[in-house]
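Asks: Predicted model and sequence below, questions to follow.
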Amino acid sequence: MRRERAYLRMLDASAKAQWNVAMILEAKAVEAEKVRAWLLNHVTADVFAEHQDQLKSAMQVHDQLVEVIDGLAKLNSGMTHVLKAALRQVDEMGGGSNGLDNMLGGNFDMGVRPQ
């Protein structure tokens, strides 16, 4: 397999992974909204005997959210490394859009329109 083909497959895999992450984030947003509504209605000061218990419960929810955000940041970092490797390859092939055109076998429209 030629190097260009390998990089194209790598970019395709990265695009598919990004799509899947977008779907996960959409599902997480819906889930977070449901959790928020539940917390507002059920986790009140009346439910807990002591303020310390209420604080502990809120911290558990907070820790879970921090873990999700940390995982997404690590995933984003991995995707960034893949794209940097592909862009480095494009620069080595001739730089600029010509390198990208050569790698993809023709004109490549990035969707950017002049203003």
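Replies: Structure received.
Asks: Report the separation between the most far-flung residue of the chain relative to its centre and residue 61.
Replies: Going by CA atoms, centre = their mean, the residue of the chain most distant from its centre is residue 49, 39.8 Å out. As defined by CB to CB, to the nearest Å, residue 49 lies at a distance of 19 Å from residue 61. The C-beta positions use only the backbone N, C-alpha and C, and glycine is treated the same way.
Asks: cool, and residue 92?
Replies: Between residue 92 and residue 61 the distance, using CB to CB, works out to 47 Å.
Asks: Show me which of the two is the more surrounded one.
Replies: More neighbours sit around residue 61 than around the other of residue 92 and residue 61, counting by other CB atoms under 10 Å; the figures are 13 against 10.
Asks: Identify the residue spatially nearest to that one, adjacent ones excluded.
Replies: With sequence-adjacent residues excluded and distances taken as CB to CB, 6 or more residues apart in numbering, residue 61 is closest to residue 39, at 7.0 Å.
Asks: How far does the helix or strand hosting that neighbour sit from its chain's centre?
Replies: For residue 39, the element it lies in under DSSP states H and E is helix 3-42. Helix 3-42 has its C-alpha centroid displaced from the chain centroid by 6 Å (CA atoms, centre = their mean, to the nearest Å).
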